[in-house]
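1. Sequence and predicted model, in that order:
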Amino acid sequence: MTAGAEHPERPRAVCVMDPGTAGLVLPPDQRARLSALVRLAPDAAGAGLRAALADAEILVSGWGCPRLTADVLAGAPRLRAVMHAAGTVKPIVGDALWERGIVVSSAADANAGPVASCTVALITLAARRTLTTAAGYAGGWPDFADRRGADGLTVGVIGASRIGRRVIAELARSDAGFRVLLSDPYVTDDDARGLGAERVSLADLCARSAVVSVHAPLLPETTGLLDATTLALIPDGGALINTARGAIVDTDALTAECASGRLEAYLDVTDPEPLPPGHPLLSLPNVLVTPHIAGAQGSEVRRLGQYAVSEVARWVAGEPLLGEVTREALARLA
């Protein structure tokens, strides 16, 4: 690990992120903490980016940071570390960065908590078939025998990602006695048991789960993973929750299942995103579509800045980074 301990004085750093969110991500207390660790240049954007990067050793990036191409990096000869105060780093990193040996960290762990909490809340709603029940409420009280609760419900989790693992852990802590199935090609049976789940194939997971929750990264092999065939395996009255990436689910196939009334869907991400006006998923009573809000929102985004500043502190002290992203691992990350 190359770290800032080699520097005789505080390293130079610059923040590059959307000005509209910079104040939320790095409020005054965190900006003051960062300024005590580094020589912080004024925030940069647009035409001022190249000049700001010329002397920077640390880049604190966020939403709105441009892709760090070879051309951009050519103007940043001293850059040693990128601390991303957001989730995925895929939009900003590329081969040129890895070839330079620049260290990369992501605040994805700080973003995982809100996503997991939102997902568990949606699972709780889905357990009760909330959307379907609410849609029929205008006609009077639903038959008590038709109501469904969470106790003993089987939940299928697709992907043992950092968020998928948190969801499993929160379900395990619940007193509802959830049975959790897990489908992930990189997890062993023992790994799954250690998490509190049973590892099964995707087909088995869909066939046995009342609620299916998606937490896989978007990769070539996961694009369209939940297609007409796999969605048809989910039992009647089941629900699909997607807080991962929209393209993992075949939109047309899901629309058909929901339009029939067979499945509910709780979608924080869609394909395309956003859906075009008038798309059926936006008006079906058994579908909830939210605008990618499961992650850190509002006052929560300060967690991302706090995480990134802590990573800067670790780098300056020569300590390992908790959120380090490597070239090899990036392919399997969201």
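-> Yes, it's here. These figures come from a predicted structure and were not determined experimentally.
2. What average pLDDT does stretch 289-307 get?
-> The average pLDDT within stretch 289-307 is 94.
3. buried sites along that stretch?
-> Neighbour-count burial for stretch 289-307, counted by 16 or more other CB atoms under 10 Å, picks out 289, 294-296, 301-307. Using the backbone N, CA and C atoms, a C-beta is placed for each residue, glycine as well.
4. Now do that stretch: distance to the chain's middle.
-> In terms of CA atoms, centre = their mean, to the nearest Å, the centre of stretch 289-307 is found 10 Å from the chain centre.
5. same deal with stretch 13-22?
-> 20 Å.
6. hmm, who's touching that stretch?
-> Defining contact as CB atoms under 8 Å, 6 or more residues apart in numbering, one finds that stretch 13-22 is touched by 25-26, 34, 37-45, 49, 52-53, 56-66, 85-86, 301, 312.
7. Would you mind writing the CA trace of that stretch as CSV?
-> Output of stretch 13-22 as CSV, limited to C-alpha atoms (Å, rounded to 0.1, in the frame of the first residue of the first chain):
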residue,chain,number,x,y,z
ALA,A,13,-5.8,17.5,-2.4
VAL,A,14,-8.7,18.7,-4.5
CYS,A,15,-12.5,17.8,-4.4
VAL,A,16,-14.2,17.3,-7.7
MET,A,17,-17.9,16.7,-7.5
ASP,A,18,-21.2,18.3,-8.5
PRO,A,19,-21.4,21.7,-6.8
GLY,A,20,-25.0,21.1,-6.0
THR,A,21,-24.3,18.2,-3.7
ALA,A,22,-20.8,19.0,-2.5
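8. quick revisit: can you select the buried ones among the contacts of stretch 13-22 for me in PyMOL?
-> Per 16+ other CB under 10 Å, the buried members of the contacts of stretch 13-22 correspond to this PyMOL selection:
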select buried, resi 25+26+34+37+38+40+41+43+44+45+49+52+53+56+57+58+59+60+61+62+63+64+65+85+86+301+312
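9. Okay, and which of the contacts of stretch 13-22 map to helices?
-> Using DSSP state H, the subset of the contacts of stretch 13-22 located in helices is 25, 34, 37, 49, 52-53, 312.
10. rewinding a little: present the buried residues of stretch 289-307 as CSV; the columns should include distance to residue 216.
-> Formatted as CSV, those follow (distance: CB to CB, whole Å):
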residue, distance to residue 216
289, 20
294, 15
295, 16
296, 21
301, 24
302, 28
303, 24
304, 22
305, 28
306, 28
307, 23
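11. And the furthest pair within those residues?
-> The most widely separated members of those, counting by CB to CB, are 289 and 306 (30.4 Å).
12. residue ranges with poor pLDDT in the stretch 51-200 of the chain?
-> Where the stretch 51-200 of the chain drops to pLDDT under 70, the residues are 144-146.
13. residue ranges of the strands in this structure, please?
-> Remark: strands assigned in the chain by DSSP state E are 12-16, 39-40, 58-61, 81-84, 103-106, 154-158, 179-183, 198-199, 211-214, 239-242, 264-267, 287-289.
14. would TSV of those strands with distance to residue 125 be doable?
-> What follows is these, written out as TSV (distance: least, CB to CB, whole Å):
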stretch	distance to residue 125
strand 12-16	38
strand 39-40	43
strand 58-61	35
strand 81-84	32
strand 103-106	30
strand 154-158	13
strand 179-183	17
strand 198-199	24
strand 211-214	10
strand 239-242	8
strand 264-267	7
strand 287-289	8
